[in-house]
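[1] build me a model:
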Amino acid sequence: MADAPPQPPLLRRALAPIVEAVEEVGTLGDLAGKTLLWALRPPYRVGVVITQLEFVGVQSVFLVGLVGLFTGMVFAVQTVYGFRRFGAENMVGGVVALTLSREMAPVLTAIMVAARAGSGMAAELGNMRASEQIDALETMAVNPVQYLVVPRMIAGLVMVPVLALLFFIVGIGGAWIVGVYGLSLDPGIFADRIRTLIAPADLIQGLVKALIFGFAVTLIACRHGYFASGGAVGVGQATTRAVVWAVVGVFVLDYLITTALTSVGG
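    Residues are numbered from 1 along each chain as shown. The predicted model follows:
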């Protein structure tokens with residue numbers, strides 16, 4: 001009977017996840033640096049960028065709008081029933097708008113984009129890697145990062161904030177429908193509380209988050225697709241990892257950005 005292969009030391013096994021995480025951050029940082037560098041250099045492929053803007057933004061409008069509508073409706077229902085215990089249901093409009101603008105709109109928009117567009121980016125780039133199309137671009141003296149990653153990054157930076165703003169507007173509309181027509185809130189007070197509680201800084205914070213989330217989601221998706229290996233199975237695994245890590249990254253970044261902005265604002 002053959003001897004079992006030697007196991008790595010316990011300390012090495014314990015540190016393996018940390019080492020992998022550091023390597024992943026390094027890979028993402030290297031790809032981000034190359035992307036920013038090549039984004040400034042010609043040729044500027046406007047047609048490819050427009051195609052990616054349509055893929056990330058236009059094709060996500062219905063999904064983001066639908067999620068925004070029902071998020072606003074559900075949040076209004078829960079807020080009304082909670083605030084009525086204290087006789088504060090008149091604050092529902094402002095609280096819903098504040099929550100949507102600062103948190104729910106950018107976070108859920110980024111998650112929807114990661115699930116729909118991010119998975120598509122990872123799968124497309126993974127298939128190109130598996131079929132050696134990326135190698136063919138290098139053979140033709142076309143930089144793959146400039147041709148494949150830069151347009152997707154621009155699309156994420158531009159369209160995720162736009163979609164987050166759409167999410168906010170539709171969410172407010174859903175909350176209005178449920179609160180005013182379903183739960184008999186006064187429409188004038190509902191609108192007045194929105195105007196009172198929402199400041200431009202709240203919308204700016206949400207848009208800043210959406211901008212950073214858009215960069216992170218597309219970067220993670222492109223990283224896992226661009227470096228996919230192992231044929232069809234590897235492409236599937238890369239797509240799954242892209243969505244999972246993009247969602248995790250959104251929540252981690254949300255905490256860090258919120259803490260930083262709160263500290264600055266305080």
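[2] report the central residue of the protein.
    The centre of the chain sits closest to residue 110, judged by Cα atoms, centre = their mean, with a distance of 2.5 Å.
[3] correct me, but that one touches residue 161?
    No. Look at residue 110 against residue 161 with Cβ atoms under 8 Å: they stay out of range, at 10.1 Å. Backbone N, C-alpha and C define where each C-beta goes, glycine included.
[4] now do the shared contacts for these two.
    Shared contacts of residue 110 and residue 161, defined by Cβ atoms under 8 Å, 6 or more residues apart in numbering, comprise 210, 214.
[5] so where does residue 71 fall, helix or strand?
    helix 61-83 (DSSP states H and E).
[6] any idea which helix or strand comes after that helix?
    Scanning forward in sequence from helix 61-83 by DSSP H and E, the next helix or strand is helix 92-99.
[7] can you map out the helices along the stretch 1-150 of the chain?
    10-39, 46-56, 61-83, 92-99, 105-113, 119-130, 133-139, 144, 150-176 (DSSP state H, counting those that start in this stretch).
[8] give me whichever of these is most buried.
    Greatest average neighbour count among the helices of the stretch 1-150 of the chain goes to helix 105-113 (a mean of 26), per mean count of other Cβ atoms under 10 Å.
[9] average pLDDT for that one?
    Computed over helix 105-113, the mean pLDDT rounds to 95.
[10] packing partners for it?
    Other elements packing on helix 105-113 under the criterion 3 or more Cβ pairs under 8 Å, 6 or more residues apart in numbering; DSSP states H and E are helix 61-83, helix 150-176, helix 200-226, helix 231-265.
[11] make CSV out of the ones you listed and add distance to residue 129 and mean pLDDT.
    Output for these, formatted as CSV (distance: least, Cβ to Cβ, whole Å; pLDDT from 0 to 100):
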stretch, distance to residue 129, mean pLDDT
helix 61-83, 27, 92
helix 150-176, 15, 95
helix 200-226, 7, 93
helix 231-265, 8, 89
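[12] so which of those gets nearest residue 44?
    helix 150-176 (9.2 Å; Cβ to Cβ).
[13] kindly reformat the helices of the stretch 1-150 of the chain as TSV containing distance to residue 214.
    TSV is the format used below for the helices of the stretch 1-150 of the chain (distance: least, Cβ to Cβ, whole Å):
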stretch	distance to residue 214
helix 10-39	13
helix 46-56	8
helix 61-83	12
helix 92-99	20
helix 105-113	7
helix 119-130	12
helix 133-139	23
helix 144	21
helix 150-176	3
